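1. mind folding the following:
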Amino acid sequence: MGGTVTTDDQNKRDEYWMQRALALAEQGAQQGEVPVGAVLVRHDDVLGEGFNQPIGAKDPTAHAEVVALRQAAAGEQNYRLPDTTLYVTLEPCTMCIGALIHARVARLVYGTTEPKAGVVESRNQLAQTDYYNHWLEVQGGVLADACQQQLTDFFRQRRAEAKARKQAQSPS
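-> Numbers count the residues shown, from 1 in each chain. All right, here's what the predicted structure looks like:
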């Protein structure tokens, strides 16, 4: 894909890939995982993708971002993934931003913020610190409402299910 990419083109591209990340997050939700999806792209080619799966995989590092990075690194036969963009529905945590930096991902695009543990904007700005030897270009807020709604709906359903279980267990 040659030529100059306009801001409008980039916004459309970001929304397109974020829609894919939302679909992946939904796959995770259907498996009982917190709905976070990630897609790693280079020049509009998917190198890796994933959704949160620490529960099912019994792996605390199986966040969507890490799953996508692992898939891409295996396919590329390289732990460095330059000239790539990672699209993820939720602002990354400390572990994930560290993995993105070590993989040399060029750009991070995320949907909604994570007020408790997000380290790109919410709690810290780790992607922009001056002591790393790699810096990420960051774009937040892409399809933020849809990403936030997906999480809100998931946790609302979980609370309703827990309440129903509790009511079913209590004596009448």
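2. for this structure, give me the ranges with low pLDDT.
-> Low-confidence segments of the chain (pLDDT under 70): 1-5, 172.
3. which residue ranges of it form strands?
-> For the chain, strands defined by DSSP state E occupy the ranges 37-42, 45-51, 85-90, 107-112, 137-139.
4. so which of those gets nearest Thr6?
-> Nearest to Thr6 among the strands of the chain is strand 137-139 (14.9 Å), distances taken as CB to CB. C-beta here means a position set from N, CA and C on the backbone, and glycine is covered the same way.
5. identify the residue nearest the geometric centre of this structure.
-> In the chain, the centroid-proximal residue (CA atoms, centre = their mean) is Val88; its distance is 2.6 Å.
6. list the beta-bridge partners for it.
-> Ala38, Tyr110 (DSSP bridges).
7. gap between it and Met95?
-> Val88 sits 13 Å away from Met95 when distances are taken as CB to CB, to the nearest Å.
8. what does Glu121 give?
-> 17 Å.
9. these two: which is more packed in?
-> Glu121 (18 against 15; other CB atoms under 10 Å).
10. I figured the more buried one hits Ile97, correct?
-> No. Using CB atoms under 8 Å, Glu121 is not in contact with Ile97, being 11.0 Å away.
11. just the CA trace of stretch 118-138, in CSV.
-> This file holds the C-alpha atoms of stretch 118-138, laid out as CSV (Å, rounded to 0.1, in the frame of the first residue of the first chain):
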residue,chain,number,x,y,z
GLY,A,118,-4.2,1.2,32.7
VAL,A,119,-0.6,2.5,32.3
VAL,A,120,-0.8,4.4,29.1
GLU,A,121,-3.1,7.2,30.3
SER,A,122,-5.0,6.3,33.4
ARG,A,123,-2.4,5.5,36.1
ASN,A,124,0.9,6.1,34.4
GLN,A,125,2.2,7.0,31.0
LEU,A,126,4.7,4.1,30.6
ALA,A,127,4.6,4.2,26.8
GLN,A,128,6.0,7.7,26.9
THR,A,129,8.7,7.5,29.6
ASP,A,130,12.2,8.6,28.7
TYR,A,131,14.1,5.6,30.2
TYR,A,132,13.0,3.0,27.7
ASN,A,133,15.0,2.4,24.6
HIS,A,134,11.8,2.2,22.5
TRP,A,135,8.8,4.5,22.3
LEU,A,136,5.4,3.7,21.0
GLU,A,137,3.2,6.1,19.1
VAL,A,138,-0.2,5.9,21.0
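12. ok now that stretch, how far from the chain's centre?
-> 15 Å (CA atoms, centre = their mean, to the nearest Å).
13. sorry, back to before: for the residue nearest to the centre of the chain, give me its contacts.
-> The neighbours of Val88, taking CB atoms under 8 Å, 6 or more residues apart in numbering as the test, are Ala21, Val36, Gly37, Ala38, Val39, Ala64, Glu65, Cys96, Leu108, Val109, Tyr110, Gly111.
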